[in-house]
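A.B. asks: After the sequence you'll find the predicted model.
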Amino acid sequence: MSYIIEPMPLISFLEESKLRLPRFQRKATWDKKQNFELAISVFQDYPVGVVIVNQEQKISWLLDGRQRRSALSTMRDNPVELYEWARSYIGFGKTADELEVKTRACLKKGGDCAKATK
């Protein structure tokens, strides 16, 4: 048995329509933190890591890399979800938006924003 190692652009990895998941592949298990950490790596232009694809006849089986592919697809298809990952990763609560609105209003008035946003 021989192996071929070849680089693949992320967009090609995401758009590969012939890529199938074998039955033994686990379901998506990464949480928001893990997804956001991958996003940070991508934004910093770090390698995404190795994925293992087995090609049999005309079918390509994704043996390793499902979690990364799922997270990357979500980043591309639903950028709002990326924002939710960031909120979870940073630890913003649901009131973070309210605090931001208060801070911006305070800054426009030129007041002491530390007191106004408490």
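C.D. replies: Received, thanks. Numbering: from 1, shown residues only.
A.B. asks: What is the burial count for residue 4?
C.D. replies: By other CB atoms under 10 Å, the residues close to residue 4 number 6. In this view, the C-beta of every residue, glycine as well, is placed from N, C-alpha and C.
A.B. asks: Name the SS class of it, please.
C.D. replies: Secondary structure, DSSP: H, G, I helix; E, B strand; the rest coil: residue 4 is coil.
A.B. asks: For it, give me phi and psi.
C.D. replies: Here is the backbone geometry of residue 4 (degrees, to the nearest 10): phi -120, psi 130.
A.B. asks: and if you look at residue 6?
C.D. replies: For residue 6, the backbone dihedrals (degrees, to the nearest 10) come out as phi -140, psi 140.
A.B. asks: swap in residue 64?
C.D. replies: Dihedral angles (degrees, to the nearest 10) for residue 64: phi -150, psi 130.
A.B. asks: do you know how far the nearest residue to it once chain neighbours are set aside is from residue 37?
C.D. replies: Counting by CB to CB, 6 or more residues apart in numbering, residue 52 is the residue found nearest to residue 64 once chain neighbours are left out, at 4.1 Å. Remark: distance between residue 52 and residue 37 (CB to CB, to the nearest Å) = 21 Å.
A.B. asks: Between these two, which is the more surrounded one?
C.D. replies: For the pair residue 52 and residue 37, the greater number of neighbours falls to residue 37 (14 against 10), based on other CB under 10 Å.
A.B. asks: Am I right that the more buried one is in contact with residue 71?
C.D. replies: No - applying CB atoms under 8 Å as the test, residue 37 and residue 71 come out as separate, 9.3 Å apart.
A.B. asks: pretty sure residue 30 contacts residue 67?
C.D. replies: Yes - Residue 30 lies in contact with residue 67 (CB under 8 Å); the separation is 4.7 Å.
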